[in-house]
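A.B. asks: let me see the structure of the following:
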Amino acid sequence: LFTASWVLYFFSRRILKRVSFEIETVGLLLSSIGILLLSGEGLDTVKMQIAAFGIGIVLFCFLVWFMSDLERVMKLRLYIAIGAILLFVANLVLGKDVNGSRNWIFIGPFSFQPSEFIKIAFVFVGASTLDHLQTKKNITEFIVFAAICLAFLFLMRDFGTALIFFACFLIIAFMRSGSVRTIALICSAAVFGVFLILRFRPYVAQRFAAWRHVWEFANEAGYQQTRVLTYTASGGFFGVGLGNGYLKSVFASTSDLVFGMVCEELGLILGLTIVLAIALLVFYARSDVTRSRSTFYSISACAAAGMMLFQTCLNVFGATDVLPLTGVTLPFVSQGGSSMVAVWGLLAFIKASDERTYAVRKRK
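C.D. replies: Model (predicted):
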């Protein structure tokens, strides 16, 4: 982990001569906290996570290079969209049900979640409209693509990820159209979609039956949230120590409930630091909007940062019973190789939006 971090630093600052390293620092900080937390379970637990961390860094560097040429991005936009849809099809055909959702593909001893990688494609397709920004044709094409993605997630019964896609869609749609009326219409359609889900998937409503009443169902539907609240409180500001917590014995403690595990073992201060670091990515992306070379960089950076922040809110607020528990990961921190690789891919959009990233190349 230490070696990979310094290799990235020297590659960026010494070889590519880039003047900024803020975005990478945030990614390295959050990834390190997650890997540190998992090491409390034993080193075997973190082997795959460290490998995914390395792959994520390589993907980050590749995407930053790929987005340096906007013509190349535009030419491959259609192929990226087709690839995303084919990946969804493969997920439906080859995927296996895990905890009620068909969102995993197993190949021998390895497994991955295609929907995590499709998040990157979703941002690409939505943001890569450089000309005729506000035409109805462009927004219609993106609406159709988004509807296809959400339909596949509905068939996969992965409603938590569907919410993340929808939030990202709203950000891109508003930035591309600038129309509040369009967003209101989309939200109305989404409410109708939720009604259909509750009508034809009644078990979804049952999952939310304990929301805001977890203490009444402490040993049933509210088991996970009550344990998160209890053990988070017992950790105090500085935690009980790495590997000394009790939440690790609860199902999904290192993924869906990882915020509670961080607070219990490493302290509430570090838990809030994680949330603040991810929230600051949004402000970083927002500050680049007016300085970016193209609308592609502006939209993709805000969409990627917004997607990560919304996913963080679902994870943290779901585990603490502020929102219903949807079963999504905490970016960079939760256990999961697919998630780790994907968030580093999303981080590349924010890096590419910084005008300093390609400054040296432009001077040459």
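A.B. asks: contacts only, for Leu36.
C.D. replies: Taking CB atoms under 8 Å, 6 or more residues apart in numbering, we find Leu36 in contact with 242, 266. Glycine gets a C-beta too; all of them are placed from N, C-alpha and C.
A.B. asks: can I assume it sits in a strand?
C.D. replies: No: counting by DSSP: H, G, I helix; E, B strand; the rest coil, Leu36 is not part of a strand but helix.
A.B. asks: need the nearest residue in space to the residue nearest the centre of the chain, chain neighbours excluded.
C.D. replies: Central residue of the chain (CA atoms, centre = their mean): Met308, 4.4 Å from the mean position. What sits nearest to Met308 in space, not counting adjacent residues and going by CB to CB, 6 or more residues apart in numbering, is Pro331, at 4.8 Å.
A.B. asks: neighbouring strands - and their directions - for the longest strand anywhere in the chain?
C.D. replies: Ranked by number of residues, the top strand in the chain under DSSP state E is strand 101-107. Sheet pairing for strand 101-107, assigned by DSSP bridges, gives strand 96-98 (antiparallel), strand 110-112 (antiparallel).
A.B. asks: in CSV: these, plus distance to Met74.
C.D. replies: Output for the strands paired with strand 101-107, formatted as CSV (distance: least, CB to CB, whole Å):
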stretch, distance to Met74
strand 96-98, 36
strand 110-112, 28
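A.B. asks: highest mean neighbour count out of those strands?
C.D. replies: Among the strands paired with strand 101-107, judged by mean count of other CB atoms under 10 Å, the one packed with the most neighbours on average is strand 110-112 (a mean of 15).
A.B. asks: packing partners of the following helix or strand past that one?
C.D. replies: Next along the chain after strand 110-112, taking DSSP states H and E as the criterion, comes helix 114-127. In this structure, helix 114-127 packs against helix 77-94, strand 101-107, helix 136-156, helix 159-177, helix 295-319, helix 337-353, with contacts taken as 3 or more CB pairs under 8 Å, 6 or more residues apart in numbering; DSSP states H and E.
A.B. asks: which one of these lies nearest to Glu116?
C.D. replies: With CB to CB as the measure, helix 337-353 is the member of the helices and strands packed on helix 114-127 nearest Glu116 (3.9 Å).
A.B. asks: show me what that closest one packs onto, helices and strands only.
C.D. replies: For helix 337-353, the elements it packs on are helix 22-39, helix 43-66, helix 114-127, helix 268-288, helix 295-319, judged by 3+ CB pairs under 8 Å, 6+ apart.
A.B. asks: what packs against the last one?
C.D. replies: This means helix 295-319. Using 3+ CB pairs under 8 Å, 6+ apart: helix 295-319 touches helix 114-127, helix 159-177, helix 223-235, helix 258-266, helix 268-288, helix 337-353.
A.B. asks: in stretch 262-272, what counts as buried?
C.D. replies: 262-268, 270-271 (16 or more other CB atoms under 10 Å).
A.B. asks: what's in contact with it?
C.D. replies: 33, 36-37, 40, 231-232, 234-247, 259, 274, 333.
A.B. asks: may I see the PyMOL selection of the buried members of the residues you listed?
C.D. replies: Buried members of the contacts of stretch 262-272, defined by 16+ other CB under 10 Å, are picked up in PyMOL with:
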select buried, resi 33+36+37+40+231+232+235+239+240+245+247+259+274+333
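A.B. asks: now stretch 340-348: average pLDDT?
C.D. replies: Across stretch 340-348, the average pLDDT comes to 95.
A.B. asks: give me the contacts around that stretch.
C.D. replies: Taking CB under 8 Å, 6+ apart as the rule, stretch 340-348 contacts 23-24, 26-27, 31, 34, 49, 52-53, 55-57, 59-60, 63-64, 67, 116-117, 119-120, 123, 281, 304, 307-308, 331-332.
A.B. asks: what comes up buried for it?
C.D. replies: 340-348.
A.B. asks: now stretch 16-24
C.D. replies: Buried, per 16+ other CB under 10 Å, within stretch 16-24: 18, 23-24.
A.B. asks: can you list phi and psi of Gln113 for me?
C.D. replies: Dihedral pair for Gln113: phi -110, psi 110, per degrees, to the nearest 10.
A.B. asks: where does the stretch 101-250 of the chain have low pLDDT?
C.D. replies: Low-confidence segments of the stretch 101-250 of the chain (pLDDT under 70): 129-139, 177-182, 185, 188-189, 192-207.
A.B. asks: nearest spatial neighbour of Arg18, chain-adjacent residues omitted?
C.D. replies: Ser12 (5.0 Å).
A.B. asks: where does Asp256 sit: helix, strand or coil?
C.D. replies: Under three-state DSSP, Asp256 comes out as coil.
A.B. asks: what's the neighbour count on it?
C.D. replies: 25 (other CB atoms under 10 Å).
A.B. asks: can I get the buried residues of stretch 16-24 in a markdown table with pLDDT and distance to Thr3?
C.D. replies: As requested, the buried residues of stretch 16-24 are exported to a markdown table (pLDDT from 0 to 100; distance: CB to CB, whole Å):
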| residue | pLDDT | distance to Thr3 |
| --- | --- | --- |
| Arg18 | 84 | 20 |
| Ile23 | 92 | 20 |
| Glu24 | 93 | 15 |
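A.B. asks: and which of those residues is nearest Ala218?
C.D. replies: Ala218 lies nearest to Ile23 out of those, by CB to CB, at 41.3 Å.
A.B. asks: quick check: that closest one vs Ile299, distance?
C.D. replies: Distance, Ile23 to Ile299, by CB to CB, to the nearest Å: 17 Å.
A.B. asks: over to Gly239?
C.D. replies: Counting by CB to CB - Gly239 and Ile299 are separated by 39 Å.
A.B. asks: next: Met308.
C.D. replies: 15 Å.
A.B. asks: now Thr312
C.D. replies: Distance from Thr312 to Ile299, by CB to CB: 20 Å.
A.B. asks: right, I'll leave it there.
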